[in-house]
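> Provided below for reference: sequence and predicted model.
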Amino acid sequence: MAINVDKVYRVVLSITNKEQRGYLTPDQFNRIARQAQLDIYEKTFYDYNRALRKQIVGDFREYGDIASNLKDKIDIFAKQDSISHTTGVATEPSDLHRLIGVFSANRTIEFEEVRKEEIPYLLSSKLNQPTSTYPIYYSEGNKIKILPTDYSGQLLIDYITFPSDPKWAFTGGGSNAYSYESTNSVDFEIHQSDETDLVVKILAYTGIIIKDPTVIQVAAQKEVNDFNQDNV
């Protein structure tokens, strides 16, 4: 379930306006909110990798499985798409962030991912040459390249997309008060459990805009405490 953008904006305004530190306009909030969401989104991948490395072999279930809980946050952005290719070259979807896997259209064949520098070795090998039964792929720029190049049929890809930019839409402004306009607003797409971190992150950026070092320091200390707790 998404994090309501109006709720977050009002919390931020409530904190920053408590002692008349300055006013954060909707336009400023929208720019900051986008960056804050991306920061938390990217950090989730880092936290997931770290959790996998720290995970002790054993039976982790339900709430104790930190890696699984983080994966659930990432899975919110999981998508699949059917794409075509021309002589083994396909264009990635414009919203692709991380490619998970490439498959035949009916998922009966999974393409093996290889590094580009491995291609000459594979093509010269009699045992490991790619075939229509055991195809391979690698990424280059915004292209997905498959071998053999004469593989026929559509490709099905699994990938992780970017979160949509949050937006606090409004009417009014200028000499009039801003009024929240829910129809054209866009909520945050990151997991609800990240709401507190999201507010703190936005406050850190807000402190820079309204030039309040106190807001920046409080937000920064919260992040330091979270990092130290995670690395106990």
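All right, it came through fine. Residues are numbered from 1 along each chain as shown.
> Provide a list of residues in contact with the residue nearest to residue 87 when sequence neighbours are not counted.
Of all residues not flanking residue 87 in the chain, residue 149 sits nearest, at 4.9 Å (C-beta to C-beta, 6 or more residues apart in numbering). Yep, even glycine has a C-beta here, placed from its N, CA and C like the rest. The contact partners of residue 149, taken as C-beta atoms under 8 Å, 6 or more residues apart in numbering, are 87-89.
> Take those residues and keep only those in helices.
Within the contacts of residue 149, no residue falls in helices by DSSP state H.
> Nearest to residue 108 among the residues you listed?
Nearest to residue 108 among the contacts of residue 149: residue 88, at 19.3 Å, using C-beta to C-beta.
> Show the contacting residues for that closest one.
Residues counted as contacts of residue 88 (C-beta under 8 Å, 6+ apart) are 145-151.
> ok, now with 7 Å
Residue 88 sits next to 145-147, 149, 151 when contact means C-beta atoms under 7 Å, 6 or more residues apart in numbering.
> Would you mind measuring from it to residue 82?
17 Å (C-beta to C-beta, to the nearest Å).
> try residue 5
32 Å.
> who's in contact with the residue nearest in space to the middle of the chain?
Geometric centre of the chain, nearest residue: residue 41, 4.2 Å, by C-alpha atoms, centre = their mean. By C-beta under 7 Å, 6+ apart, the contact set of residue 41 is 163, 190.
> CA atoms only for the longest strand along the chain, dumped as PDB, please.
When the chain is parsed with DSSP state E, its longest strand is strand 96-104. Only the C-alpha atoms of strand 96-104 are listed here, as PDB (Å, rounded to 0.1, in the frame of the first residue of the first chain):
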ATOM      1  CA  LEU A  96      13.800  -0.700 -16.500                       C
ATOM      2  CA  HIS A  97      16.100  -0.200 -13.500                       C
ATOM      3  CA  ARG A  98      17.500  -3.700 -12.900                       C
ATOM      4  CA  LEU A  99      17.100  -6.700 -15.200                       C
ATOM      5  CA  ILE A 100      16.200  -9.900 -13.300                       C
ATOM      6  CA  GLY A 101      16.000 -12.500 -16.100                       C
ATOM      7  CA  VAL A 102      15.300 -13.200 -19.800                       C
ATOM      8  CA  PHE A 103      13.000 -16.100 -20.900                       C
ATOM      9  CA  SER A 104      11.300 -17.500 -23.900                       C
END
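> No further queries at this time; thank you.
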